[in-house]
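Q: I need the structure of the sequence given here:
(chains A and B)
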Amino acid sequence: MDSRCASAGRSGNVAGGARSRRESDRYGKYVSLSVPVHLVNPSMSIHVHPSMARRPLAGTDASRPRPARTATRLPHIISGGVAMRRTRIAEVLSTERIGQTVNVKGWVRFFRQGRFLLLNDGSTIHNVQAVVDQEHFDEARIRKLTTGAAVSVTGEVVASAGTGQVVEIFVSDVTILGEAQPSEVQKTILQPKTHTLETLREQAHLRFRTSTFGAVFRIRHALAFAVHQYFNDRGYFNIHTPIVTAADAEGAGEMFQVTTLPLDRLPRTPDGLIDYGEDFFARKTSLTVSGQLEAELAALALGQVYTFGPTFRAENSNTSRHLAEFWMIEPEVAFNDLQDNMDLGEDFLRYCVRYATVHCADDLNFLHQREVKAEAQLLKDQRNEMPLLERLAFVIDNEFARLTYTEAIDVLRDSRPYKKGRFTYPVEWGTDLQSEHERYLVEKHFKKPVILVDYPAETKAFYMRLNQPDDQGRETVAAMDILFPGVGEIMGGSQREERLDVLRQRCDAFDIPAEEMWWYLDTRRFGTAVHSGFGLGFERLVMFVTGMGNIRDVIPFPRAPKSADF
RNA sequence: UCCUGAGUAGCUCAAUGGCAGAGCAUCCGGCUGUUAACCGGAGGGUUGUAGGUUCGAGUCCUACCUCAGGAGCCA
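A: Sure, this is the predicted structure:
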């Protein structure tokens, strides 16, 4: 980046200081000289400054002629959009540009009164209003300014004469880049009205254009960026664990098989079994359900690592919290015990939420208002106790409640709903907590995120570290689950079993063939060490931050049972 | 996979077993500094699919499909 800035500076063909050179460099690749002249208003004169066609820069895409930055600096370039670089609408609205001529490209949201063109280019939740003076343009072109069309607009930024916006663009030229037939648009979610989330889901390829999904996916990006930022700043290394795996022992759920065998004529062994020796990898393989085991290997050498990749579960889960394909973040840290693991999980979650509130204020504000409007129509007991922005602030400002599974059982047995027989499922030590129990703890009792630790050994995975039996001889493992309001289990992790003999016993108890796990067990043979990690469902984090109630609305193209459209 | 509910115009929803409707959107016309613009008019339907009951079914019954909410599995 720095070197590219320097070369832009050397070219010296752009007026202005260091800042404008950097901006020119950043946007230079979007510049196009070839505006289709037949789409330009014939009544407008087109002036091309000599600087438009000169001095290629050395190498790189910047070797195209460079445009003037603004009409203010080169006032003799007055119109036509020719060779003007595009300005993102976010930039037009957030910086002081009154008096400058800008070019924006985007999609029409509304065209009110044949005069007010509301454009959005995805750079921000906000639209820019472009005022089209009909007398200056032929009717044929005006008629193509319809909802959904892609257009390029050039004009002066002026203080708005209306009251709904601070600035607007007074259009000197408008070009239709891509038409949208109103009769066809009318059949899609692009028609400017409120649609249900179910309808939007049926047109997932178009829902990016809506305000809600624009906001959701900008926030999703910010959170993904925050994940890498957090770990990078703290000396973690990102590990790309395999997507195709032969490990069948992770115990994290049903797996999607990966094969190149002909399904209509499977090769058989003499015993009549499927002959996986003929398969692509010469063994049975599947899509990964977790990168944890591989991340452990890396952590026991690189110290602290994390994965952030796709994960696949072939469970027949039909809920608002499950996907067949989702993204998971799995840090793994050598020498961390369960306490360190909890501290990491809590600090990490707080960091991500805070990052979103700082970097996505406009989008979160929109989703907040959207939620407030939607909740106004719900019955009181169905509403969230806190609106979105308060929920986020609450997580940032308050420490999570921490307690053991055994203590949680006591809390539940002491609760009103338990004593009044309101729980559907029994509360007994040794069984997994049900959704209703977790929800009570998070939403009613503690009213904040809860970290539960030390679960009964038989309910958890083989790799979790076995604790000392308690005074009643009950066995637990050093597992931790972080529960969030509305989302449920957002994170699950543990201290790993580092003792070879205990791990072997656990493999036996879970019917896991130790010989297939030789590479995993090897780490316990050569310099084994205490280590811990967790898995965070990325979409569940996005759900919490955006307030979306269905996980299928926080991933662009959801995969779920009987559903892989788009 | 289980439980509950839903499926009627492009969208959101009405319609006691008796003529299938409204608002918005679309199209045509008007108005023109609008803010989910407004005013007038028009077009738009195999009521999810397949059977059944009935003189008559959007409405009742059966099966299936899809979706939603909840449960299980989990992140």
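
Q: okay, A:T459: pLDDT?
A: Among the per-residue scores, A:T459 holds a pLDDT of 89.

Q: how about it, nearest residue that isn't a chain neighbour?
A: Leaving aside its sequence neighbours, A:T459 sits nearest to A:D432 (C-beta to C-beta, 6 or more residues apart in numbering; 5.1 Å). Yep, even glycine has a C-beta here, placed from its N, CA and C like the rest.

Q: for A:S211, same thing?
A: A:I125 (5.9 Å).

Q: going along the chain, name the strands of the stretch 51-200 of chain A.
A: A:101-112, A:116-120, A:128-131, A:150-159, A:167-178 (DSSP state E, counting those that start in this stretch).

Q: should've said the stretch 251-400 of chain A
A: A:257-258, A:285-287, A:304-312, A:325-334.

Q: looking at chain A, which helix or strand is least sure?
A: When each helix and strand of chain A is scored by mean pLDDT, DSSP states H and E, helix A:18-27 comes last, with a mean of 31.

Q: would you reformat the strands of the stretch 51-200 of chain A as CSV and include mean neighbour count?
A: Compiled in CSV, the strands of the stretch 51-200 of chain A are given as follows (neighbours: other C-beta atoms under 10 Å):
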stretch, mean neighbour count
strand A:101-112, 21
strand A:116-120, 22
strand A:128-131, 22
strand A:150-159, 20
strand A:167-178, 19
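
Q: contacting residues around the helix or strand A:E436 falls within?
A: Following DSSP states H and E, one finds A:E436 within helix A:435-439. With contacts defined as C-beta atoms under 8 Å, 6 or more residues apart in numbering, helix A:435-439 is touched by A:408, A:412, A:423-425, A:427, A:450, A:483, A:488-489.

Q: please apply the same query to stretch A:222-232.
A: Contacts to stretch A:222-232, defined as C-beta under 8 Å, 6+ apart, come from residues A:238, A:306, A:308, A:329, A:331, A:348, A:351-352, A:355-356, A:359-360, A:538, A:541-542, A:545.

Q: do stretch A:233-246 as well
A: Outside stretch A:233-246, the residues touching it (C-beta under 8 Å, 6+ apart) are A:228, A:231-232, A:258, A:281, A:283-288, A:291, A:294-295, A:298, A:302-310, A:331.

Q: for the residue of the stretch 151-300 of chain A found nearest RNA strand B, report the pLDDT, please.
A: Nearest residue of the stretch 151-300 of chain A to RNA strand B (C-beta to the nearest atom of the strand) works out as A:G162 at 2.1 Å. Looking at A:G162, its pLDDT reads 86.

Q: neighbours of the closest residue in space to A:C507 that isn't next to it in sequence, how many?
A: What sits nearest to A:C507 in space, not counting adjacent residues and going by C-beta to C-beta, 6+ apart, is A:A514, at 4.8 Å. Neighbours of A:A514 under the rule other C-beta atoms under 10 Å: 14.

Q: kindly report the same for the one 10 residues further on.
A: Residues contacting A:R524 under the criterion other C-beta under 10 Å number 20.

Q: kindly report the same for A:G473.
A: Neighbour count of A:G473, defined by other C-beta under 10 Å: 6.

Q: quick one: what helix or strand has the spatially most central residue of chain A in it?
A: Nearest to the centroid of the C-alpha atoms of chain A, with distances taken as C-alpha atoms, centre = their mean, sits A:R220, at 2.6 Å. Element membership for A:R220 (DSSP H and E) is helix A:211-233.

Q: okay, that helix in PDB with CA atoms only?
A: Extracted as PDB, the C-alpha positions of helix A:211-233 are listed here (Å, rounded to 0.1, in the frame of the first residue of the first chain):
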ATOM      1  CA  SER A 211     -31.700  -2.300   4.000                       C
ATOM      2  CA  THR A 212     -32.000  -5.100   6.600                       C
ATOM      3  CA  PHE A 213     -29.700  -7.500   4.800                       C
ATOM      4  CA  GLY A 214     -27.300  -4.800   3.700                       C
ATOM      5  CA  ALA A 215     -26.900  -4.000   7.400                       C
ATOM      6  CA  VAL A 216     -26.700  -7.600   8.500                       C
ATOM      7  CA  PHE A 217     -23.900  -8.500   6.000                       C
ATOM      8  CA  ARG A 218     -21.900  -5.400   6.600                       C
ATOM      9  CA  ILE A 219     -22.000  -6.300  10.300                       C
ATOM     10  CA  ARG A 220     -21.100  -9.900   9.500                       C
ATOM     11  CA  HIS A 221     -18.100  -8.600   7.600                       C
ATOM     12  CA  ALA A 222     -17.100  -6.400  10.500                       C
ATOM     13  CA  LEU A 223     -17.400  -9.300  13.000                       C
ATOM     14  CA  ALA A 224     -15.300 -11.500  10.800                       C
ATOM     15  CA  PHE A 225     -12.700  -8.800  10.600                       C
ATOM     16  CA  ALA A 226     -12.800  -8.300  14.400                       C
ATOM     17  CA  VAL A 227     -12.100 -12.000  14.900                       C
ATOM     18  CA  HIS A 228      -8.900 -11.800  12.900                       C
ATOM     19  CA  GLN A 229      -8.000  -8.500  14.500                       C
ATOM     20  CA  TYR A 230      -8.500  -9.800  18.000                       C
ATOM     21  CA  PHE A 231      -6.300 -12.900  17.600                       C
ATOM     22  CA  ASN A 232      -3.700 -11.200  15.400                       C
ATOM     23  CA  ASP A 233      -3.200  -8.400  18.000                       C
END
